[in-house]
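Novice: Quick one, fold the following:
(chains A and B)
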2 protein chains.
Amino acid sequence: MIRPADASRSDPNLTVRFPVLRDFCTEALLRTGLSQADAATGAEVLATTDAWGVFTHGSKLLRGYLRRLQAGGLRVQGQPRLSAEGGAWALVDGDSALGLVTSAYAMQIAIAKARLQGIAYVGVRNSCHFGAAGYYAWLASREGLIGLSMANDIPSVAAPGSRGAVTGSNPIAYSVPVAGNRPLLLDMSIATVAGGKVYAAKERGDPIPENWIVGPDGRPTTDPSMYPASGALMPAAGHKGYGLALLIETLSGILTGAGFTWGVHSWMTEDLSAPTQHGAAFVAIDADAMMPAGAFGRRMEALVDEIHSAPKADGIERIFLPGEMEWERYDRAMQDGVRLPSDVVASLREAAALVGMDVDCDLG
Amino acid sequence: MIRPADASRSDPNLTVRFPVLRDFCTEALLRTGLSQADAATGAEVLATTDAWGVFTHGSKLLRGYLRRLQAGGLRVQGQPRLSAEGGAWALVDGDSALGLVTSAYAMQIAIAKARLQGIAYVGVRNSCHFGAAGYYAWLASREGLIGLSMANDIPSVAAPGSRGAVTGSNPIAYSVPVAGNRPLLLDMSIATVAGGKVYAAKERGDPIPENWIVGPDGRPTTDPSMYPASGALMPAAGHKGYGLALLIETLSGILTGAGFTWGVHSWMTEDLSAPTQHGAAFVAIDADAMMPAGAFGRRMEALVDEIHSAPKADGIERIFLPGEMEWERYDRAMQDGVRLPSDVVASLREAAALVGMDVDCDLG
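Specialist: Prediction:
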C-alpha cells in the first residue's frame, strides 16, 4: 500500500495511495472519540488537499487538530447546528467541533438553499481553523454550483500604515463548474505571501523581497528574522489586499457573531483546551437556476478555451486557469499515490504517536 | 454658484457647488432625450463620484456617455427590465440604457430581494460602462445593507504568462454600514494600477515600476510607451488579481448572458452606435435580518475603532479604513464645493458643446 518514493530508504518523502492516506487520517481522528462520519469528513478534506499538492494545508494539520481534540478546545462530541436561518441564509454555531466538519456542513446548507433561491450565504461562528478554503468551494462546484468560501484568522497581516498585524491572512476561495473541464479553483490568502515562505527564507538565511513583511517599526524590511515576533506580513497589493481582508472579516467574523481580529485565537499556539472563536462564510450560487440547463457551463468552457489559446509570453508554454495545476497533481496523486514531503511525514509521525498509531505500519 | 479655485483666472481647476454640478449633468443628459428620472440618476452617480474625489470616474465620463447616447449605442429610450428572477436572484436586461441607470436599478432589486431573503444576486447584461462601482455598493450600505458591485470590461490586463490582455481590469467594490461612522467603501480594479497612471508616466517620460505592465513579448517592462498598443496591464499580486478577474468575469459576464472578455466592446473607442455588451453583478446582504437590530453595525464600529487605534508605523499618523479618505473629501465637497481638476473641466467643456450648453454659463 505504500512505498518509499525512491528505492533508497534515506528519501524522507513518502508516496502513499490516496485511500490509505485518507483512512489513516480517519482512524487517527476516530481514536480521539470523533464519530465515524465526522472523522471521515475531516480525513477527506485533509487527504484531498494533499492530493491537490497543497501540503501546507493537508494532513500536515492532523497533528494540531488531534492535540486540540484531545485537550478539549475542539469538542469531539461537538455538533454544528443551525442557530438561525431565513430564505437564502443561515447562521451555523460550530459548537467547537472540528472546523473541517462544521465547514462542510455549512457549505451543504448553502448548496441546498441556493438550489431553492439561486444564491445563499451561510455564516459560521464557534469554529476553528478549517484547512484549505478551496475544499468547501469545490463541494459546491462538484454539485454544479459556484462556491465561495472564506474565513478569518488571528491577526498576522499589517494594514497600510500600521506597525503590526491588524487582520488575519483571511483566506478566500472560489470554484466554478466548467463544461468538459475540471472546475476553476482559486484558494488564496490576502497576504503577499504565506508566513511559511518567510520562515523558509529565515532558515536559509536569505533576504526577502521588500513587499513581504514590515518590521518592528512598521516599515518594509528584507530581514525575514523579524517575523512573526516583531513584524507582520504585508497585504497583497497594499490597500487592495487590506480591503479584501476587511470584507472577509466582515462576512466571516462580524456577520456571524464569531470572534474577529484579536478575538480569534491561534489554533496552534494558544490554550489547546479553549475554543479559538474562528468564523467563516460560505456562499453558493446556482447558475443553472438562472440560465437554460448547461448554458453556464458551456460559456465557462468558452472562456477557458479562449484563455488557453491566448498568445503566450516569451518562454511560456501554457497559461493556467486557477486550479489547473492542482487538478493535474490530483490526477497524478490518484493514479500514482500522494507523494508526501518530508515535513508532512514528520508531522504525521507525531500525529500517529498522539493516538497510538504508527506511520510505518499504518501508512506503510 | 461657481468660483475659480484661485482668484487668478489662470487656474484651470474649477470649484463648483455639488447641486450645480449635478444639475449640469442632469441637464446635459436630458438634452439627449433621456427621461428626467434617468438623467437625474446618471447625474447623481457622476457628481457623487466627483465629490468622493474619484475624478477619473465622475463627470469626466459625461462627454463619452453623451456621444454614445447621441449615436445610439446607448439608447435614450432604453428601459432596463427584469428578464428572469427567482427567490434571491434576478437577471436584468439593460436594453442598452445608460449603464449608470441600469446599475442603480439592478442594485435596488438586489436590496429589495435581500430584505426578503437575507442575500440576493442581480446580474446585468446589455449594459455599458457603469462609472464607479463603489456608487452601487453604497446604495446598499446607505440602506443599512452590505453591498457588492462588479463589472467586466474590454480586456486590458494580462494573465500570468500571457503575451497580451486576457481579462478586463474588472472593477469590484463593496460597502458596509458602520454604526456611528460612514460606511466602509472599497472600489478597486484587479490591475496593479489604472491605465491612466501608465499614460501619465508616458507623458512625463518617466519609467514605471516593473509590476505595472508587460510589453509586446509578454515580459514586464519599465517603458510606459508600450501601453496600450503593444502591452497590457499586469494583474495585482499576479495570480491573485488574475483569479479575482475571472471570478468577476464569471459573475458579471458569464452568468448574466452579457459579453465577456473580447465580446465586450470599448465604450470610448469602438462604434458609438452599437451596444458594448458589458455585464455587471450586484449583491446585497441584509445583516439586520441575521442579527439583533443594530448588532452588526456596532460590531463593525468595534472593528473600525480597533483599527483606528492600532499602533502606527514610523512617520504615519493615521490608519485609514477603506472609503475614509473618500468620505472626508465628500464632506469637504459638500461644504466648500467640488474642486474639479483641469482635465475634468476640459472634458465638461466638450460635453457641454455636444448638447449646446456652456460650462462657463451653466457651471459658472
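
Novice: does chain B sit close to whatever helix or strand A:Leu185 lives in?
Specialist: Assessed by DSSP states H and E, A:Leu185 sits inside strand A:181-188. Yes: contact of strand A:181-188 with chain B (C-beta under 8 Å from any C-beta of the partner chain) involves A:Leu184, A:Leu186, A:Met188. Just so you know, the C-beta spots here come from the backbone N, C-alpha and C atoms, and that holds for glycine as well.

Novice: ok, so of those, who is nearest B:Trp262?
Specialist: A:Leu184 (18.9 Å; C-beta to C-beta).

Novice: Contacts for the following helix or strand past the strand holding A:Leu185, please.
Specialist: For strand A:181-188, the succeeding helix or strand toward the C-terminus, using DSSP H and E, is helix A:195-204. With contact meaning C-beta atoms under 8 Å, 6 or more residues apart in numbering or on different chains, helix A:195-204 is reached by A:Thr56, A:Ser156, A:Ser169, A:Pro207, A:Ile208, A:Trp212, A:Ile213, A:Pro224, A:Ser225, A:Tyr227, A:Pro228, A:Leu233.

Novice: Output those residues in CSV, with distance to B:Asp93, secondary structure and pLDDT appended to each entry.
Specialist: Listed next are these as CSV, based on distance: C-beta to C-beta, whole Å; DSSP: H, G, I helix; E, B strand; the rest coil; pLDDT from 0 to 100:
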residue, distance to B:Asp93, secondary structure, pLDDT
A:Thr56, 45, helix, 94
A:Ser156, 45, coil, 97
A:Ser169, 40, coil, 96
A:Pro207, 55, coil, 96
A:Ile208, 50, coil, 96
A:Trp212, 46, coil, 96
A:Ile213, 48, strand, 96
A:Pro224, 53, helix, 95
A:Ser225, 58, helix, 93
A:Tyr227, 51, coil, 92
A:Pro228, 51, coil, 88
A:Leu233, 44, strand, 97
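
Novice: Select only the buried ones of those residues in ChimeraX?
Specialist: Selecting only the buried entries of these in ChimeraX, with 16 or more other C-beta atoms under 10 Å in any protein chain shown as the criterion:
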select /A:56,156,169,208,212,213,224,227,233
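
Novice: Adjacent strands (with direction) for the strand holding A:Leu185?
Specialist: strand A:172-178 (antiparallel) (DSSP bridges).

Novice: Near chain B, which residues of the stretch 101-250 of chain A are found?
Specialist: Proximity of the stretch 101-250 of chain A to chain B, by C-beta under 8 Å from any C-beta, involves residues A:116-121, A:123, A:146, A:158-164, A:166, A:174, A:176, A:184, A:186, A:188, A:192, A:214, A:217-219, A:236-237, A:239-243, A:246-247, A:249-250.

Novice: of those residues, buried ones?
Specialist: For those, a burial check counting by 16+ other C-beta under 10 Å picks out A:117-121, A:123, A:146, A:158-164, A:166, A:174, A:176, A:184, A:186, A:188, A:192, A:214, A:218, A:236-237, A:239-243, A:246-247, A:249-250.

Novice: Let's see which of those end up in helices.
Specialist: Residues of those located in helices (DSSP state H): A:Gln117, A:His239, A:Lys240, A:Gly241, A:Tyr242, A:Gly243, A:Leu246, A:Leu247, A:Glu249.

Novice: helices and strands of chain A: which one has the lowest mean pLDDT?
Specialist: Counting by mean pLDDT, DSSP states H and E, chain A has its least confident helix or strand at strand A:2-4, which shows a mean of 42.

Novice: how close does A:Met268 sit to B:Tyr242?
Specialist: Counting by C-beta to C-beta, to the nearest Å, the gap from A:Met268 to B:Tyr242 is 31 Å.
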